[in-house]
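Participant: Okay, here's the prediction I keep looking at, along with the sequence it came from:
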Amino acid sequence: ENISEKYRQFPFPTRHNAITDEYEVSEESLGIGINGKVLTCWQRATKRKCALKIIKDSDKARREIILHKKACEGCVYIVQILDIYENIFGENRCLLLVMECMDGGELFNRIRNRRDRPYTEREAANVILMIAKAVAHLHHMDMAHRDLKPENLLFTTNAEDALLKLTDFGFAKEGNNEQRPLNTPCYTPYYVAPEILSHDKYDKACDIWSMGVIMYILLCGYPPFFSIHGGTISAGMKTKIKAGEYQFPKAEWKNVSEEAKTVIRKMLTVDPATRATIDWILRCPWLAGTVPETPIDIHSMFDSENYEQMQIEIAAANHAQR
Ligand SMILES: c1cc2nc(N[C@H]3CCCNC3)c3c(n2n1)NCC3
């Protein structure tokens, strides 16, 4: 696929020699993303274990890498990029993204595997705080991730104090700050297109919605919006999402703090214009104060078949709000 002019040259150096010069690549797959698979690799010089994402070269792939690289500079809550290679395999041009290896795995797997002691509301607050710091970093540089979901939130290690980091920038988008201000002479008012006037300033708001869905699940173990009979998004589920129709069923929510419910209500606000901003979230009492260590019973929904169902529904809720 030919690369358009805009993306032909990366704004930073990439390597063109074979990645095997510096890394030993294993066939062990760490996970499969929509736009590429993630393998384990080892840096020969340091024996450091890394993650390698192989993406077929295209404008979309180049945009993902440019945005991920821009995002990870200056923020420990974004998965760090170590190297970028442009290699040719047969007739396929590929981009190889070497990242720090997130050995703690995906967010929900870690909670699901928790057996020794209960998961508490305070731990959920700590997780949301780390996600909020990653999202704040993006929103402050006028970037939106637009695919926030548990599979893209990974722990550095299995240790208690592991950091949670955001990855997979395949849907990320930079704001319109490259858009010229409206009074620039090039916009003759008669002919200016509507999308220039109403530039999609709500991309960031869809990240907040996704945070609301993730926070809801962290505190009870099941998603706020779901289709009764399972399967992918149903018409009924879409209606509920558009109307922001969800409950806090007493059984699981009676011990959850009012502050937490207030934050969820503000994140799952249907109108993007009045939905919480990331700065509001960082300053809210639930994150700024001391959260009770109330145990949360989430294992009911983390058993396997419901777990797959839940991942489908989170992705669907993301798309419905995009
Ligand atoms: C860096 C990037 C990365 N991506 C990973 N997995 C990807 C798979 C596609 C969806 N997003 C996450 C995994 C990792 N890492 N580490 N370690 C264990 C699994």
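Facilitator: Received the coordinates, thanks. Residues are numbered from 1 along each chain as shown.
Participant: Nearest to the ligand: which residue in the protein?
Facilitator: residue 31 (2.8 Å; Cβ to the nearest ligand atom). Every residue, glycine included, has its C-beta placed from N, CA and C.
Participant: For that residue, name its beta-bridge partners.
Facilitator: With DSSP bridges applied, the residues forming beta bridges to residue 31 are residue 38.
Participant: Just list the residues touching it, thanks.
Facilitator: The contact partners of residue 31, by Cβ atoms under 8 Å, 6 or more residues apart in numbering, come to 37-38, 106, 151.
Participant: Mind giving me the PyMOL command for buried ones among those?
Facilitator: Of the contacts of residue 31, the buried ones go into a single PyMOL selection, burial set by 16 or more other Cβ atoms under 10 Å:
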select buried, resi 38+106+151
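Participant: restrict the contacts of residue 31 to those near the ligand?
Facilitator: Near the ligand, taking Cβ under 6 Å from any ligand atom as the test, the members of the contacts of residue 31 found are 38, 151.
Participant: can you put the contacts of residue 31 in a markdown table and add pLDDT?
Facilitator: Listed next are the contacts of residue 31 as a markdown table, based on pLDDT from 0 to 100:
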| residue | pLDDT |
| --- | --- |
| 37 | 87 |
| 38 | 93 |
| 106 | 91 |
| 151 | 90 |
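Participant: In a markdown table: the contacts of residue 31, plus distance to residue 80.
Facilitator: What follows is the contacts of residue 31, written out as a markdown table (distance: Cβ to Cβ, whole Å):
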| residue | distance to residue 80 |
| --- | --- |
| 37 | 20 |
| 38 | 14 |
| 106 | 17 |
| 151 | 18 |
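Participant: Quick check: the farthest pair among the contacts of residue 31?
Facilitator: Across the contacts of residue 31, the two members that end up farthest from each other (Cβ to Cβ) are 37 and 106, 15.2 Å apart.
Participant: list the contacts for the residue minimising distance to the centre of the chain?
Facilitator: For the chain, residue 148 is the residue whose C-alpha lies nearest the centre (Cα atoms, centre = their mean; 2.8 Å). Residues counted as contacts of residue 148 (Cβ under 8 Å, 6+ apart) are 131, 135, 166, 207, 210-211, 214, 318.
Participant: give me that answer again for 10 Å
Facilitator: Residues near residue 148 by Cβ atoms under 10 Å, 6 or more residues apart in numbering: 131, 134-135, 138, 166, 168, 171, 206-211, 213-214, 314, 318.
Participant: Tell me the one of the contacts of residue 31 nearest residue 221?
Facilitator: Distance ranking of the contacts of residue 31 against residue 221, using Cβ to Cβ, places residue 106 first at 15.5 Å.
Participant: That closest one contacts residue 168, doesn't it?
Facilitator: No - if you go by Cβ atoms under 10 Å, residue 106 and residue 168 don't touch, sitting 11.2 Å apart.
Participant: Quickly list what's touching both of the two.
Facilitator: Taking Cβ under 10 Å, 6+ apart as the contact criterion, the common neighbours of residue 106 and residue 168 are 31, 149, 151-154.
Participant: So which of these is the closest to residue 278?
Facilitator: Of all the shared contacts of residue 106 and residue 168, residue 153 has the smallest distance to residue 278: 15.5 Å, by Cβ to Cβ.
Participant: Let me know the average pLDDT across stretch 125-136.
Facilitator: Regarding stretch 125-136, the rounded mean pLDDT is 97.
Participant: what do you get for stretch 270-278?
Facilitator: The average pLDDT within stretch 270-278 is 94.
Participant: and it, C-alpha only, in CSV?
Facilitator: This file holds the C-alpha atoms of stretch 270-278, laid out as CSV (Å, rounded to 0.1, in the frame of the first residue of the first chain):
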residue,chain,number,x,y,z
VAL,A,270,-24.5,11.2,27.8
ASP,A,271,-23.9,14.8,26.8
PRO,A,272,-20.2,15.0,26.0
ALA,A,273,-20.3,18.8,26.6
THR,A,274,-21.3,18.3,30.3
ARG,A,275,-19.4,15.0,30.8
ALA,A,276,-16.5,15.1,33.3
THR,A,277,-13.2,16.5,32.0
ILE,A,278,-9.9,14.7,33.0
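Participant: In it, which residues are buried?
Facilitator: Neighbour counts using 16+ other Cβ under 10 Å place 272, 275-276, 278 of stretch 270-278 among the buried residues.
Participant: Give me the distance from that stretch to the chain's centre.
Facilitator: Per Cα atoms, centre = their mean, to the nearest Å, the displacement of stretch 270-278 from the mean C-alpha position of its chain is 18 Å.
Participant: Then stretch 245-263?
Facilitator: Here stretch 245-263 is found 24 Å from its chain centre; the criterion is Cα atoms, centre = their mean.
Participant: my read: residue 119 touches residue 217, true?
Facilitator: No - using Cβ under 10 Å, residue 119 and residue 217 do not qualify as a contacting pair, with a distance of 11.7 Å.
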